[in-house]
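1. any chance you could fold what I've pasted below:
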Amino acid sequence: MGENDIEEQEEEKQSEPAKPINLAQTNPPKQELIDPRMANLPVFENLIANNQIMVFSMIGCPHSMRAKELLKSKGLEFKTYEIDENAEHQ
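-> The predicted structure follows:
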């Protein structure tokens, strides 16, 4: 096969119209991943939606304590959800 033959084949490939791809055949249907931790999402969304400031914390967590202290020092009202007191929502 000479160089001219290769060039002709390349030209033929480029001039052929692209064939449509059926994506349903190439991609299997995606299965929805269900994370059991997401089961309580409506509970958390409700808490967030119904409180202007919502703090999710753990008892004894230094970061949670500092956040709550800061909010109190600014005179802001907030609701707290202690995660470790609500084991069913962990």
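2. which residue ranges form the helices in the protein?
-> For the chain, helices defined by DSSP state H occupy the ranges 3-15, 23-26, 41-49, 62-73.
3. how about the last one as CSV, C-alpha atoms only?
-> Once non-C-alpha atoms are left out, helix 62-73 reads as follows in CSV (Å, rounded to 0.1, in the frame of the first residue of the first chain):
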residue,chain,number,x,y,z
PRO,A,62,-14.9,22.9,70.7
HIS,A,63,-15.9,24.3,67.2
SER,A,64,-19.6,24.0,68.0
MET,A,65,-19.1,25.7,71.4
ARG,A,66,-17.2,28.6,69.8
ALA,A,67,-19.8,29.0,67.1
LYS,A,68,-22.6,29.1,69.7
GLU,A,69,-20.6,31.5,71.9
LEU,A,70,-20.1,33.8,69.0
LEU,A,71,-23.7,33.9,68.0
LYS,A,72,-24.7,34.6,71.7
SER,A,73,-22.1,37.4,71.9
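4. what's it packed up against?
-> strand 54-57 (3 or more CB pairs under 8 Å, 6 or more residues apart in numbering; DSSP states H and E). In this view, the C-beta of every residue, glycine as well, is placed from N, C-alpha and C.
5. what comes up buried for the strand it packs on?
-> For strand 54-57, the neighbour count (16 or more other CB atoms under 10 Å) marks 56-57 as buried.
6. repeat that for stretch 59-69.
-> So for stretch 59-69, counting by 16+ other CB under 10 Å, buried means 64, 67.
7. likewise stretch 42-58?
-> Quick answer for stretch 42-58 (16+ other CB under 10 Å): 56-57.
8. which residues does that stretch contact?
-> For stretch 42-58, contacts defined as CB atoms under 8 Å, 6 or more residues apart in numbering pick out 64-65, 67-68, 71, 76-84, 89.
9. mind giving me the PyMOL command for buried ones among these?
-> To isolate in PyMOL the members of those that are buried, counting by 16+ other CB under 10 Å, one can use:
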select buried, resi 64+67+80+81
